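In: Based on what follows, work out the 3D shape:
(chains A and B)
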Amino acid sequence: MLRTTVSNPDAAEADLLGQEDYVQLVTPEGERHANPTFDPWVADVTDEQLAGLYEDMVVVRRIDVEATALQRQGQLALWPPLLGQEAAQIGSARALRDDDFIMPSYRENGVAYCRGVALDDLVRVWRGYAHGSWDPQEHRMAIPAVIIGAQTLHAVGYAVGIMKDGADSAAITYFGDGATSQGDTNEAMIFAATYHAPVVFFCQNNHWAISEPVELQSKQHISERAPGFGIPSMRVDGNDVLAVMAATRVALDRAHTGGGPTYIEAVTYRMGPHTTSDDPTRYRSAEELAEWKAKDPIARLEKYLESRGAMTEELRARVNAKADSVAAEFRAGCIDMPKPEPMSLFDNVQVETNPVLERQRAQYAAYLAAFEGGE
Amino acid sequence: MATATETATDTATTQAATTQLTLAKSITAGLKRALQDDEKVVLLGEDIGKLGGVFRVTDGLQAEFGTDRVMDTPLAEAGIIGMAVGLAMRGYRPVAEIQFDGFIYPGFDQIVAQVAKLHYRSRGLVRMPITIRVPFGGGIGSVEHHSESPEAYFAHTAGLRVVSCSNPQDAYDMLRQAIASDDPVMFFEPKRRYWSKGDLDLEPAEVLPLGKARVVSSGSDVTLVAYGPLVATAKDAVLAAADNGVSIELIDLRSLSPIDFETVEASVRKTGRLIVTHEAAQSGGIGAEVAASITERCFNWLEAAPARVTGFDTPYPPAALEEHFLPDLDRLMDAVDRVLGRANSQSDWEN
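Out: Purely as a prediction, here's the structure:
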């Protein structure tokens, strides 16, 4: 089930291998495939749990839509939407154990939601009030890395630390298709393989790195690279929450039991812009968008739940009510957020006192004080 | 930590408290002591295991502490630093070795964007107790990328402490302080002084704080500020000037970020004259920062414009030319003449 060899470069054969390797349990039409390899990994998932995944996905999409609106209304400087990637984020995040540690990029708002990050902490960075918001230890999730791919190395270091501690947890790092071109990401794969580190590389291939299509980053399926580094990989339908959960569980199980690193390419699509500052109409077609809209992860799960008779009106109403209340709380938390005090810009540069910086702090405080009552 | 204390005591009793060691071996002793004192200390770098590092600074440490604590890494500086970040997040205290000064640049992003900034970026919730050891500077007749002085890049980066040692005792003490610090420390080792011997007290009664400069010798006419490899050259200048009846106060800066301006300021208020020397290029360097800050702080006490004696704004030259690039005794004495208003090589330039 895991690819462990580099595929034949012959195009037709590579494509064939790609088809064979593609993990999908629920089709875009909501039909469940039998998959003897991956079915056991989600055999315990009840309709109620599926409904829970559905709720998560609807809620994080609602947060996303709300955040985009807040940006348009001038309340946020920027927002990186996850629209279309809900299954990839929720399916993987809900597979994690509490003691697994997450090293995210900046788009993992759905993952952060699953980790219980406070709603206002999801936007503090994007409102320009802080560089990082939540407590990494409390949520077992690092603050977002904006430098593309930098966090992949941190995940490997953390995972090596887990090994040194004799613990059986894992680190998981999230990154996009663009990050797969970065040196850091490739070095992370080398180090992970060298030290047999308990780390999961979770690549959300959303097809676009701002305006650059995935073809500009990779001529093969991204997942095919990993075996060359000595890391087994899986290519999974990233819009199929059940398949993502199964694949992540396989990878985590390997990490938890001394199996070393695993690479997952979750094939999904960034339905929105790169960030609210981006204009995707300049570089991609309406046809492509329509094609992916038909594979929407939430609509797919709805159809699957319907086919199981589990998509009740009560569920729909409950989830919508939850999304409404979260959105209202999220909006209020954003707007009511206290602005940081001017002098706090000097805080937390270093743990120990820096006399040169303290002098600058004192001088600037005196400068500010000179304005008091003046303006 | 009972075992660590016992081992530390062993070290103290099996070796005389004060011994003669090279600067390199003093760093080895400091690393060994840090590994003994704190089980969270982990060494990582290229060739630091069986080989003991290209300068043998980690000699014997992997054999004593195992491959878990002294880790050979793949040849990737970003990987080394990035892994150290993750280890620090997990509660470890990594000590990374960059093999040569000129090899640090692939790791630059991880140092300045991650190591330096994570405490600030996390609003103080994440600490980066990472020490990055860098053999630096020239004078060993080496090929390109092996003789550079990149310290100013890091001194310009908020969040990093940048230090450089000049003698065996400081090498040992400052390294232990750097490793024990909860802040990231760039530790610049003067590679051409690795083989210089000096007294090393493994149990010093008193140790200067890491951020403090040291007045190496007091004087009344000129303040000479040096660090790392040029402290030895500056000591020669003190003796040569004394023969000429000029009294130089020599300050070993030790900490390049933050700079202990109070110590330099007190000296310049006494002497009225300032010379700063380093191997690194002049523009945007540590010397510029010292000269500017001291001019701001004690302009009215200055008898002459501060002088810089530095490497030139060229790439580090081929070995056959390095004697012209590196500040030496003669260039320091020329600057002494300059700040004293005596005839010197620059006399005509000032008109």
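
In: all helices for the chain, in order.
Out: All of this is about chain A. A:11-21, A:47-72, A:86-93, A:109-114, A:136-139, A:150-165, A:183-195, A:241-256, A:286-293, A:297-307, A:313-335, A:355-369 (DSSP state H).

In: um, chain B though
Out: Taking DSSP H as the test, the helices found in chain B are B:2-14, B:23-37, B:61-65, B:77-89, B:108-109, B:118-121, B:151-155, B:168-180, B:230-243, B:261-271, B:286-298, B:322-325, B:329-339.

In: so which of those helices gets nearest chain A?
Out: helix B:77-89 (2.2 Å; C-beta to the nearest C-beta). Backbone N, C-alpha and C define where each C-beta goes, glycine included.

In: Send me the closest one as CSV with only the CA atoms.
Out: Extracted as CSV, the C-alpha positions of helix B:77-89 are listed here (Å, rounded to 0.1, in the frame of the first residue of the first chain):
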residue,chain,number,x,y,z
GLU,B,77,23.7,23.4,7.3
ALA,B,78,20.0,24.4,7.1
GLY,B,79,19.2,20.8,8.1
ILE,B,80,21.5,21.0,11.1
ILE,B,81,20.1,24.3,12.3
GLY,B,82,16.5,23.4,11.5
MET,B,83,16.9,20.1,13.4
ALA,B,84,18.3,22.0,16.3
VAL,B,85,15.2,24.2,16.4
GLY,B,86,12.9,21.1,16.6
LEU,B,87,15.1,19.6,19.3
ALA,B,88,14.9,22.9,21.3
MET,B,89,11.2,22.8,21.0
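
In: ok, and for it, which residues are buried?
Out: Within helix B:77-89, the residues that count as buried by 16 or more other C-beta atoms under 10 Å in any protein chain shown are B:77-89.

In: Pick out the residue of the stretch 201-350 of chain B closest to chain A.
Out: Counting by C-beta to the nearest C-beta, the stretch 201-350 of chain B gets nearest to chain A through residue B:258 (4.2 Å).

In: what domains does the record give for the chain?
Out: Picking chain A for this. As given by automatic domain parsing, the domain ranges for chain A are A:11-340, A:343-372.

In: Wait, chain B was what I had in mind.
Out: B:13-201, B:214-343.

In: From the centroid of chain A, which residue is nearest?
Out: residue A:108 (3.4 Å; C-alpha atoms, centre = their mean).

In: With adjacent residues omitted, what lies nearest to residue A:247?
Out: residue A:236 (4.4 Å; C-beta to C-beta, 6 or more residues apart in numbering or on different chains).

In: could you check the distance from that neighbour over to residue A:38?
Out: 9 Å (C-beta to C-beta, to the nearest Å).

In: more crowded one of these two?
Out: More crowded of residue A:236 and residue A:38, by other C-beta atoms under 10 Å in any protein chain shown: residue A:236, with 32 against 23.

In: Restricting to C-alpha, output stretch B:296-305 in CSV.
Out: Presented in CSV, the C-alpha positions along stretch B:296-305 are these (Å, rounded to 0.1, in the frame of the first residue of the first chain):
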residue,chain,number,x,y,z
GLU,B,296,27.2,59.3,20.4
ARG,B,297,27.8,58.4,24.0
CYS,B,298,31.0,60.4,24.7
PHE,B,299,31.6,62.8,21.9
ASN,B,300,32.8,65.5,24.2
TRP,B,301,35.4,63.3,25.7
LEU,B,302,37.0,62.3,22.3
GLU,B,303,40.3,63.9,21.4
ALA,B,304,40.3,62.3,17.9
ALA,B,305,38.0,60.6,15.5
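
In: Next, the buried residues of it.
Out: B:297-298, B:302.

In: who in the stretch 201-350 of chain B is up against chain A?
Out: Contacts of the stretch 201-350 of chain B with chain A, taken as C-beta under 8 Å from any C-beta of the partner chain, map to B:211, B:257-262.

In: what's next to stretch A:159-172, contact-wise?
Out: A:92, A:96-97, A:99-103, A:155-156, A:158, A:191-192, A:195-200, A:202, A:248, A:252, A:255-257, A:261, B:42, B:68, B:83, B:86-87, B:89-92 (C-beta atoms under 8 Å, 6 or more residues apart in numbering or on different chains).

In: Oh, that last question was meant for stretch B:290-300, not what I typed.
Out: Contacts of stretch B:290-300 (C-beta under 8 Å, 6+ apart): B:225, B:253, B:259, B:261, B:264-265, B:268-269, B:274, B:276, B:302, B:306, B:308.

In: Return the members of the residues you listed classed as buried.
Out: B:225, B:253, B:259, B:261, B:264-265, B:268, B:274, B:276, B:302, B:306, B:308.

In: pLDDT wise, what is residue B:347 at?
Out: At residue B:347, the pLDDT value in this model is 89.

In: need the contact list for it.
Out: residue B:338.

In: Could you check how far it is from residue B:327?
Out: In terms of C-beta to C-beta, residue B:347 sits 19 Å off from residue B:327.

In: How about residue B:309?
Out: Distance from residue B:309 to residue B:327, by C-beta to C-beta: 5 Å.

In: what number of residues lie near residue 325?
Out: The chain I'm using is chain A. Neighbours around residue A:325, by other C-beta under 10 Å: 12.

In: ah, I was thinking of chain B
Out: 20.

In: what's across from the residue nearest to residue A:247 in the sheet?
Out: residue A:23, residue A:266 (DSSP bridges).

In: Enumerate every residue touching it.
Out: Going by C-beta under 8 Å, 6+ apart, residue A:236 touches A:22-24, A:243-244, A:246-247, A:264-267.

In: swap the cut-off to 10 Å and go again
Out: Applying C-beta atoms under 10 Å, 6 or more residues apart in numbering or on different chains to residue A:236 gives the contacts A:21-25, A:38, A:87-88, A:91-92, A:202, A:205, A:223, A:243-248, A:250, A:264-268.

In: For it, give me the pLDDT.
Out: On pLDDT, residue A:236 comes in at 96.

In: Now do it against residue A:92, distance only.
Out: Counting by C-beta to C-beta, the gap from residue A:236 to residue A:92 is 10 Å.
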